[in-house]
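Need a 3D model of the sequence below.
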Amino acid sequence: MPAVTLTPAGPFSLASGIRFLESFRPANYRRATDGILRLAFPADDGASVVAAAVRQEVRADGGTGTVRAEFTVHPGTPHPATAVTAEAVAEQAVRAQLARILSLDVDATGFPGLAADPVVAGLMADHPGLRPVCFHSPYEAAAWAIIGNRIRMTQAAALKARIAHQRGHRVHIAGQTLHAFPTPAALRTLTHVPGLTDIKIQRLHALAETALDGQLDAPLLRALPADHALAELRTLPGIGPFSAELVLIRGAGHPDVFPRHEPRVHKAVATAYGLGAPTTAADVTQLAKIADRWKPYRSWVAFLLRVRAQDTSQPGPMCHAFPPSS
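The predicted model follows:
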């Protein structure tokens, strides 16, 4: 089986990422005791499916170890508008996508320096080596946003899993069977899922076309000024300000965007810094100024604050969080 290696720049713990996935209900991640992260997802080419078993080297000195991922690529039928064909999804492409999913494509050697802020220092101590675990792609992040709009997280997770079983590719990896979320081409064939409204199916079809046309390319979205990228994403049917931030931050893996439309993050920031509950746009602007201290890792600190809030409270009933996909 082919494999790729990823060398983290700065602190990174795969075990912490796995614990996050196991404890976060919408991830629907199956608990494992062998320290292996098993993933199955549509590749960035829009046609193939990748299955990967990810492990991290355990170093005697407790330092950050190399990450190794064994993988298989299951080719699909490429869309004519897609420049990269299934045959071209090779080692480099898989490495790049896995690195983005695990936030290993970001140089985090400067991240420990943020511990000068006592709040951030506490977050690092509570979650050592935890980096954001991202959606497999902006495409999957947007699909989750559409599926989960205005329904409970548990219901959204069940719907997403049902879609994966109906239209996704079934793979075997490291002794387990997983169902990847459908590729854009497969998602276009979706006609009926109990519990999923017709308007959401129409929006998923439109999303699939957008993905196949190359408009949800993660490097492209991250290369744009954040405001421009968010504006582009808001043109998608069913993607509003909150969902656009989700797609950019946790789909494209942008490390340095403060979410201005995530009330739970705002509450977590206000609580951590001893402020009153934010209720106005001016309050959010004040929080954004605090977040400027976290540059160039504003997304990461917001993620850790959200994790802390998740650990200390029950999740709300509606699907308004940053869930990774499965």
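
which intervals of the stretch 201-326 of the chain have sub-threshold pLDDT?
313-326 (pLDDT under 70).

ranges for the helices of it?
218-223, 226-233, 241-246, 263-272, 281-291, 298-312 (DSSP state H, counting those that start in this stretch).

could you pull out the strands for the protein?
For the chain, the strands defined by DSSP state E occupy 3-6, 37-42, 49-56, 67-74, 170-173, 176-179.

just so I know, which of the helices of the stretch 201-326 of the chain lies nearest D126?
D126 lies closest to helix 298-312 among the helices of the stretch 201-326 of the chain, at 6.6 Å (C-beta to C-beta). C-beta here means a position set from N, CA and C on the backbone, and glycine is covered the same way.

Correct me if wrong: D126 contacts L305.
No: with contacts counted by C-beta atoms under 8 Å, D126 stays clear of L305, the gap being 10.6 Å.

quick one, which of those two is more surrounded?
Neighbours around D126 and L305, counted as other C-beta atoms under 10 Å, are more numerous at L305. The numbers are 24 against 12.

so what's that one up against?
By C-beta atoms under 8 Å, 6 or more residues apart in numbering, L305 lies in contact with L123, V265, A268, V269, A272.

now that we're looking at the closest residue to P241 other than its chain neighbours, how far away is D198 from it?
Sequence neighbours aside, H261 is the residue nearest to P241 in space, at 4.4 Å (criterion: C-beta to C-beta, 6 or more residues apart in numbering). Here H261 is placed at a distance of 27 Å from D198 (C-beta to C-beta, to the nearest Å).

just L287 next, same as before
For L287, the distance to D198 (C-beta to C-beta) stands at 38 Å.

So for the two, which sits in the more crowded spot?
In this view L287 and D198 are compared by other C-beta under 10 Å, and L287 has more residues nearby, 22 against 9.

That one touches V269, doesn't it?
Yes: the pair L287 / V269 is scored as a contact, 4.9 Å apart, by C-beta under 8 Å.

joint contacts of these two?
Shared contacts of L287 and V269 (C-beta under 8 Å, 6+ apart): L275, P278.

List the contacts of R203.
I146, P237, G238.

Looking at neighbours, which among the residues you listed is most surrounded?
Highest neighbour count within these, by other C-beta under 10 Å: I146, with 22 neighbours.

Return the distance of the residue nearest to A309 when sequence neighbours are not counted relative to E57.
Counting by C-beta to C-beta, 6+ apart, A268 is the residue found nearest to A309 once chain neighbours are left out, at 4.3 Å. Distance of A268 to E57, computed by C-beta to C-beta: 33 Å.

and the two? which has more neighbours close in?
More crowded of A268 and E57, by other C-beta under 10 Å: A268, with 22 against 13.

need the contact list for the more buried one.
L305, R306, R308, A309.

do the same with A96
D44, D105.

And the pLDDT at it?
For A96, the pLDDT comes out at 97.

going forward, begin numbering at 40 instead of 1
Let's use 40 as the start, then, which means that last one is A135.

and it, how far is that from Y336?
For A135 relative to Y336 (C-beta to C-beta), the value is 20 Å.

same deal with T222?
Taking C-beta to C-beta, one finds T222 at 32 Å from Y336.

neighbour count winner among the two?
Per other C-beta under 10 Å, whichever of T222 and Y336 has more neighbours is T222, with 29 against 24.

what's the pLDDT at that one?
Looking at T222, its pLDDT reads 97.

Wait, it touches G115, no?
Yes: using C-beta under 8 Å, T222 makes contact with G115 at a distance of 5.6 Å.

so where do the helices sit in the stretch 40-189 of the chain?
Using DSSP H, counting those that start in this stretch, helices in the stretch 40-189 of the chain cover 53-62, 130-140, 157-165, 177-187.

which of these is buried the deepest?
Among the helices of the stretch 40-189 of the chain, ranked by average contacts under mean count of other C-beta atoms under 10 Å, first place goes to helix 177-187 (a mean of 27).

Can you give the contact residues for it?
65, 80-81, 85, 173-174, 195, 198-199, 202, 220, 223, 226, 235, 239, 242-243, 246, 250, 255-257, 260, 272, 275, 277-278, 281-282, 285-287, 289-291, 358, 362, 364.
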